[in-house]
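Novice: the following comprises the amino acid sequence and a computationally predicted model.
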Amino acid sequence: MRGKNDCSLVSDYSNVSKITFTRNFAFNLYPSSITYGIKKSYNFAVTSLSGVVYEWKAPSGWIINGVGNVLEAANLYSVTVVPGNCISNGVVSVRLKKDNQVSAWYNCPYQGIVPPVIQNSAISQFKKYRLTLDVTTNEVQSVSWVGDGVLVTSGQGTVSPEVIFSKTGSINLQAQLVMNGCTDVYPVTKVVNVSSSDLIISGPDVVCNSATYIMNNLPSEVSIEWEFPDNKFSLVSGQNTNTIDVTKNYVNSSYGNGTIRAKLSLNGNIAYIYKTALVGSPYISSVSGPSSARVNQNVYFTADPIYDASICNYQWIVSPSYGVSQSPYRHTNSISFSQTGTYSVSCRTTTNECGAAGSAAYLIVSVGEYYMLSPNPTSGIINIISSELDVVNSLANVQNNNDGIDYEVYSSSSNILIQTGKIKKHQKTLDLHNLNNGNYIIRIKTLTNKYESHKIIIKK
């Protein structure tokens, strides 16, 4: 810009000055985006300019101020827009007119059309879930739900189907949406994270004899096969259903944890659900300790297996009990015998969850004053240990009887003398292989002409 003098001199001009004009016009009210499939009104507004005609334009099928997709009026700087059902670019524009001048189109700088949301809760394998597509329901023509490992059990074609996911991991789920009056399909996609099945088998944690187990909330579309991998259970009824009756396997009825396994399958996809239960009554498998002892000697015995106090208690029985002193503590026992003879030291479980005592195990103990015999039971060879109480009468110190020490073997049931013989000097074993299985009484003579008796069991 410059000034010019009124004089006739052509060169009479001022210096040039620069002036910048800025048009203050913009959208100042608009939504951040418009969700496809949701029928609602949205407000748009631009700068208010006096004496100007505003011309608004939206995609075909959209409604501006309840009229149509194009609307023109003076001072119409704000409008209400309702989107149409069919797919469009979502551009909302306005231009200005005054006299014979028309501006360029101004496009609203919003995000435009965004897909609707598929609503779902946390999802795990092989359970039924309700999905929801967040659109205006009465404007929907159809929805087709598809996905790898996705089975629609009901509601296909609607915005709220019931589905089962048979695969785990990240699953691409798609709702193929067609709105009323439209032919184009609008795909709505969501990645759904499917966790491993959280179905559970309900039933008792301890099975004394029989029990019932149920697979809770199992959809009818999912196949089930019951398995017992450690053979602790036998199936009575209910295979391929969600409820089974079982008994403990009496062929393989040893006490311990048993496993129930449900194999679930759908469309070639498999999941395993496990349940562990304690089977049968706890029992004592063995009593360990010395099979021979001296009179008044403290000897220690242990019962196996060892159970927690919450499972059962232990009961120790020594027979005969006369002259016996014991200090039992759960699976251990310290015992002293004041009389010679043969004793049975047994242990059993009591007060278990099945309400009955478990089976007992026992150990035969030979108690002597001069001799100790082991093992007992024996397959035929018996070790003879001399008592420290009388070294003079021990087998290793026979002096005046070169033929040895007399012994006798009697049948325990009939008291008939079966065998006699002599135990030679320094001899430490007695061979009874010629005797049949059974219970016997062995009497060994001491140098004081006393006989000491021991009951033994031969078991080959």
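Specialist: That came through fine. Just so we're clear, the structure is a prediction, and the values are computed from it rather than from any experiment. Residues are numbered from 1 along each chain as shown.

Novice: which strand residues bridge the residue nearest to the spatial centre of the chain?
Specialist: Taking CA atoms, centre = their mean, the centroid of the chain lies closest to Y274, which sits 6.7 Å from it. Here Y274 shows beta-bridge partners R261, assigned using DSSP bridges.

Novice: mind listing what it touches?
Specialist: For Y274, the contacting residues are 201, 259-262, by CB atoms under 8 Å, 6 or more residues apart in numbering. Any C-beta I mention is one placed from the backbone N, CA and C, and that applies to glycine too.

Novice: now which of those would you call buried?
Specialist: 201, 259-262 (16 or more other CB atoms under 10 Å).

Novice: export those as JSON lines, with columns for pLDDT.
Specialist: Formatted as JSON lines, the buried ones among the contacts of Y274 follow (pLDDT from 0 to 100):
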{"residue": "I201", "pLDDT": "98"}
{"residue": "T259", "pLDDT": "96"}
{"residue": "I260", "pLDDT": "97"}
{"residue": "R261", "pLDDT": "98"}
{"residue": "A262", "pLDDT": "98"}
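
Novice: which one among those gets closest to E227?
Specialist: R261 (4.4 Å; CB to CB).

Novice: just checking, that closest one touches T276?
Specialist: No. Assessed by CB atoms under 8 Å, R261 is found out of contact with T276, at 9.9 Å.

Novice: does N138 count as helix, strand or coil?
Specialist: Put simply, N138 is helix when judged by DSSP: H, G, I helix; E, B strand; the rest coil.

Novice: run a quick neighbour tally on the nearest residue to S346 once chain neighbours are set aside.
Specialist: Nearest residue to S346 in three dimensions, chain neighbours excluded: Y362, at 3.6 Å (CB to CB, 6 or more residues apart in numbering). Residues near Y362, counting by other CB atoms under 10 Å, number 17.

Novice: what residues are up against Y362?
Specialist: 287, 344-347.

Novice: restricted to buried residues, select the residues you listed in ChimeraX.
Specialist: Here is the ChimeraX selection string for the buried members of the contacts of Y362, based on 16+ other CB under 10 Å:
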select :287,345,346,347
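
Novice: farthest pair within the contacts of Y362?
Specialist: Pairwise distances across the contacts of Y362 (CB to CB) peak at 10.8 Å, for the pair S344 and C347.

Novice: and for those two, which residues touch both?
Specialist: Contact criterion CB under 8 Å, 6+ apart; residues shared by S344 and C347: 317, 362.

Novice: so what's the closest residue to K459 other than its chain neighbours up against?
Specialist: Spatial nearest neighbour of K459, excluding adjacent residues (CB to CB, 6+ apart): P377 at 4.2 Å. With contact set as CB under 8 Å, 6+ apart, P377 has these partners: 364, 456-459.

Novice: got it, and I441?
Specialist: 409-412, 415, 453-456.

Novice: and what of L432?
Specialist: 378, 380-382, 409, 419, 440, 456, 458.

Novice: got phi/psi on it?
Specialist: phi -120, psi 30 (degrees, to the nearest 10).

Novice: so it versus Y410, what's the distance?
Specialist: To Y410, L432 is 12 Å away according to CB to CB, to the nearest Å.

Novice: common neighbours of these two, please.
Specialist: Residues touching both L432 and Y410 (CB under 8 Å, 6+ apart): Y440.

Novice: for burial, what's the neighbour tally of S223?
Specialist: S223, neighbours per other CB under 10 Å, totals 12.

Novice: so what's it bridging to?
Specialist: Beta-bridge partners of S223, as defined by DSSP bridges: S265.

Novice: OK, contacts around it?
Specialist: Taking CB under 8 Å, 6+ apart, one finds 240, 264-266 in contact with S223.

Novice: which among the residues you listed gets closest to L76?
Specialist: Of all the contacts of S223, L76 sits closest to L266, with 58.6 Å by CB to CB.

Novice: now the closest residue to that closest one other than its chain neighbours: phi and psi?
Specialist: Spatially, and ignoring its direct neighbours in sequence, L266 is nearest to S166 (4.2 Å; CB to CB, 6+ apart). S166 adopts backbone torsions of phi -100, psi -10, taken as degrees, to the nearest 10.

Novice: now the residue nearest to V53 when sequence neighbours are not counted: which helix or strand?
Specialist: Leaving aside its sequence neighbours, V53 sits nearest to K97 (CB to CB, 6+ apart; 4.1 Å). Assigned by DSSP states H and E, K97 belongs to strand 93-98.

Novice: paired strands for the following helix or strand past that strand, with orientation please.
Specialist: Later in the chain than strand 93-98, the nearest helix or strand by DSSP H and E is strand 101-102. According to DSSP bridges, strand 101-102 forms sheet pairs with strand 93-98 (antiparallel).
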